[in-house]
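# Give the three-dimensional model of this entry:
(2 chains)
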2 protein chains.
Amino acid sequence: MYSEAAMSEGIEAVAEGGLTSARGFVAGAVRARIRPDWDKLDVALLYSEAPCAVAGVYTQCNVVAAPVVITRKHLADGAAQAVIANSGCANAATGEQGTRDAVEMAQLAAAKLGLDPHAVVIASTGVIGTFLPMERMRHGIEVVELSAPGGLAFAQGIMTTDTRPKQSAVRFGEYTLGGACKGAGMIHPNMATMLAFLTTDAPVAATFLSRALKEAVGVSFNMIDVDSDTSTNDMVVVLANGQAGGEEIGEGHPVESVFASALTHMCTDLAKAIVADAEGGTKVIETTVVGAASVEDARLAAREVVRSLAVKTAVYGHDPNWGRVLAAVGNSGCRMEEAKTGLWLVDVEGRELCLLKDGSPQPMEEGQAKPWFEAREVRFRVELGLGEHTATAWGSDLTEEYVRLNSLYTT
Amino acid sequence: MYSEAAMSEGIEAVAEGGLTSARGFVAGAVRARIRPDWDKLDVALLYSEAPCAVAGVYTQCNVVAAPVVITRKHLADGAAQAVIANSGCANAATGEQGTRDAVEMAQLAAAKLGLDPHAVVIASTGVIGTFLPMERMRHGIEVVELSAPGGLAFAQGIMTTDTRPKQSAVRFGEYTLGGACKGAGMIHPNMATMLAFLTTDAPVAATFLSRALKEAVGVSFNMIDVDSDTSTNDMVVVLANGQAGGEEIGEGHPVESVFASALTHMCTDLAKAIVADAEGGTKVIETTVVGAASVEDARLAAREVVRSLAVKTAVYGHDPNWGRVLAAVGNSGCRMEEAKTGLWLVDVEGRELCLLKDGSPQPMEEGQAKPWFEAREVRFRVELGLGEHTATAWGSDLTEEYVRLNSLYTT
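Okay, here's the model as predicted:
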């Protein structure tokens, strides 16, 4: 799962690892009947035995769910010690009642754990515009049990339309970094109905943690697309409890760059797991843009290709209609000169097929491109010929099953 | 078809009217075998007996098809007299060969009609990245016949995945305004694979014509969405040949505002016809935003609601998941304050159902909103409570059939 580049830095995957792989973290989840399908875990709790440095990145939607608003306040001091999360109800577009409910969620978790409510991260995901069933929430928080193997239950407890829990962990030197996330639809650059929690036993300075998280999210969760819809509830939060000991990691620390690299690898791994589990998805579309005049241009173009419904449906149908990729680049707003633009298909072994070079389509036999569209992962490389900047984005294809799932979500 | 507002201004629909309803215009189309389905009309020609004042609005995609590039040059002088168009091949992403082919299309039409090539508008629509079959094009332009009833054939000749030709005409005072358009997929605000041609026998000054067209397109073709993909080939062109006689219409002319109004009604009518014929579409979603701080805010919000896949699939599935509408407004980038935001469903008779008021969901019986989602046209009204500006956008729903059609387009 982890790239060769990661392994060369001494970053190693932890088999079956997750949120509680790092020392001093315990977690659990219960069926509190907040989801309409009552046999699913839907209230999840994560706890660190020691106070943590914490950093968060939140939805950019102008409609912000109550749990996000309250969490931002709680994390303003850079410290936290627990996460309470639920699926089945987003507690978004719920007015003052929603705010009161989110505050109470934090209070209930804090009372159970003997913490100040400000030490609690709150997260909700599910249907927008309905109130949390607080009686069930109170009971759920009361009965949830925490344990060292409970990371998997936590990952299951935050699932909505996900078909599988998504978790991962890596070790580098003395330290462990774990994570879990959810998200399968309404996933778009700039963070969509997506929750990700990361834990580490490394002693990390809060300011460095915040910067490292923003950079990691910028090349991972912000570069994936399922259906271009950003949600009201998204957050990525990392908690560092320092239980592995040693000197605090910050700028200039020998482990600084390895930590940042491990965080980026983990975020990328989890982000790709979301795309691979996209609602109705059958394939992953990877687009790498090279030769852009700026990083922002490269990101715009890469994201627009994996966002385009015309590209998504062509990939789904094994239709080598690559002109749609070029049109997406043209629509992205990135700087480009058609006469300098090139487009290649790339397979998993790195072989390439040139479709367009210097703005002209390349001669090709009938049907030559089609097998490249039949792969489980379809990879495009776009050359802009204007500079040195690159970016990669990942998207799902668009299928009849996506439409079916999304036309029947609340019913 | 035309609104009561239009009729009150003395604007009347012409039954079965189209491009050749205005005096002095003739048109026709032939099967030139440029489309893979060879039984369809695919080369279309429109001719005015007299030189015309002309104005155009073009794709904002950075990959611009050769016919658009050449047409912009030809119309720089504000004059034209004919349109040559084809379906089946977009002549986009075709490099220098594509430019030569577009120039030759204009030369062939000009030679046939005894015009200067600069008097010819060129338009192509279809698959991107393939060359025009110029032998067939030459033959097609040679044999196409022009006639007064030929407006319908022209409208058919520019169809791609459209299921029906789209044309319209209105009369106001002495003048007639006709139009035809195509577009069913890759339709997005800012002009997508969409061609529209408008003709009038009114004597209109080129500068006024250009301003009036931009304003009309801004509230019509730029406010519709099928699948958020802008194409390389879009254009809206209006030709005014003055054959109805009378004084030139420009600023201060008594007919100025009626002409602008007729142009807006016609563009809106044609734009809505595109949405109603959307690939795989079963419904039209209309969203009106009121109380916005600016027109741009109102347009952003209205367009994002009709663009959102979550909204499109909910409407398709009769799923009253209105939180997705609110999330789309939040994602649009428009200024908003959640506590001032309201959301209503509106039916064709103007009845309303309040879903959200001042940021709080309104009490409602189980299933009360569902019938409103079952209508052929689902209408939302969004109140932002921040100002006096409004905008309306129209979109299609997203269906399994859209996915099927688009995953098999070239094959």
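# Pop the domain breakdown of chain A in here.
A:4-276, A:284-406 (automatic domain parsing).
# Run the chain-centre distance for the shortest one.
Which is domain A:284-406. 22 Å (CA atoms, centre = their mean, to the nearest Å).
# can you pull out the helices in the stretch 301-411 of chain A?
Under the criterion DSSP state H, counting those that start in this stretch, helices of the stretch 301-411 of chain A are mapped to A:309-316, A:323-331, A:370-373, A:400-406.
# Does residue A:325 touch residue A:343 like I think?
Yes. At 6.1 Å, residue A:325 counts as touching residue A:343 under the criterion of CB atoms under 8 Å. The way it works is simple: take the backbone N, C-alpha and C, and place the C-beta from them, glycine included.
# list residues touching both of these two?
A:380, A:382 (CB atoms under 8 Å, 6 or more residues apart in numbering or on different chains).
# Looking at the two, which is more packed in?
Under the neighbour definition other CB atoms under 10 Å in any protein chain shown, residue A:325 and residue A:343 were set side by side, and residue A:325 has more, 30 against 24.
# ok, that one - contacts?
Residue A:325 neighbours (CB under 8 Å, 6+ apart): A:287, A:305, A:308, A:311, A:343, A:380, A:382.
# Can you tell me which of those lies closest to residue B:374?
residue A:308 (30.4 Å; CB to CB).
# Keep the contacts of residue A:325, but drop any that are not near chain B.
residue A:308 (CB under 8 Å from any CB of the partner chain).
# any chance of the contacts of residue A:325 in a markdown table, plus pLDDT?
Conversion of the contacts of residue A:325 to a markdown table gives the following (pLDDT from 0 to 100):
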| residue | pLDDT |
| --- | --- |
| A:287 | 97 |
| A:305 | 95 |
| A:308 | 90 |
| A:311 | 91 |
| A:343 | 97 |
| A:380 | 97 |
| A:382 | 98 |
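# In the contacts of residue A:325, find the pair that's most separated.
Using CB to CB, those span at most 13.6 Å, a distance reached by A:308 and A:343.
# following the longest strand along chain A, which helix or strand comes up?
Secondary structure of chain A per DSSP state E: the longest strand is strand A:43-58. Downstream of strand A:43-58, the next assigned helix or strand under DSSP states H and E is helix A:66-74.
# how about that next one: buried residues?
A:66-71, A:74 (16 or more other CB atoms under 10 Å in any protein chain shown).
# Beyond that helix, next helix or strand please.
Assigned by DSSP H and E, the successor of helix A:66-74 is strand A:79-89.
# which residues touch residue A:280?
Residue A:280 is in contact with A:396, A:398-405, counting by CB under 8 Å, 6+ apart.
# With residue A:213 instead?
A:55-57, A:198, A:236, A:238, A:263.
# Output those of the residues you listed also counted as contacts of chain B.
Contacts with chain B within the contacts of residue A:213, as defined by CB under 8 Å from any CB: none are present.
# Not counting its neighbours along the chain, what's nearest the closest residue to chain B within the stretch 51-200 of chain A?
Using CB to the nearest CB, the single residue of the stretch 51-200 of chain A nearest to chain B is residue A:128, 2.5 Å away. Sequence neighbours aside, residue B:323 is the residue nearest to residue A:128 in space, at 2.5 Å (criterion: CB to CB, 6 or more residues apart in numbering or on different chains).
# Might you report the residue contacts of that neighbour?
Contacts of residue B:323 (CB under 8 Å, 6+ apart): A:90, A:92-93, A:127-130, A:232.
# Show me the two of the residues you listed that sit farthest apart.
A:130 and A:232 (12.6 Å).
# Find residues that contact each of the two.
A:90, B:323.
# returning to that earlier point: you'd agree the residue of the stretch 51-200 of chain A closest to chain B is up against residue B:330?
No. Between residue A:128 and residue B:330 no contact is recorded; they are 9.8 Å apart, counting by CB under 8 Å.
# what do those two both touch?
Contacts common to residue A:128 and residue B:330, judged by CB under 8 Å, 6+ apart, are residue A:232.
# neighbour count winner among these two?
A count of neighbours by other CB under 10 Å puts residue A:128 above the other of residue A:128 and residue B:330, at 29 against 26.
# Okay, now the unreliable bits of the stretch 301-411 of chain A?
Applying pLDDT under 70 to the stretch 301-411 of chain A picks out residues A:409-411.
# Before I go, just wanted to say thanks for your time.
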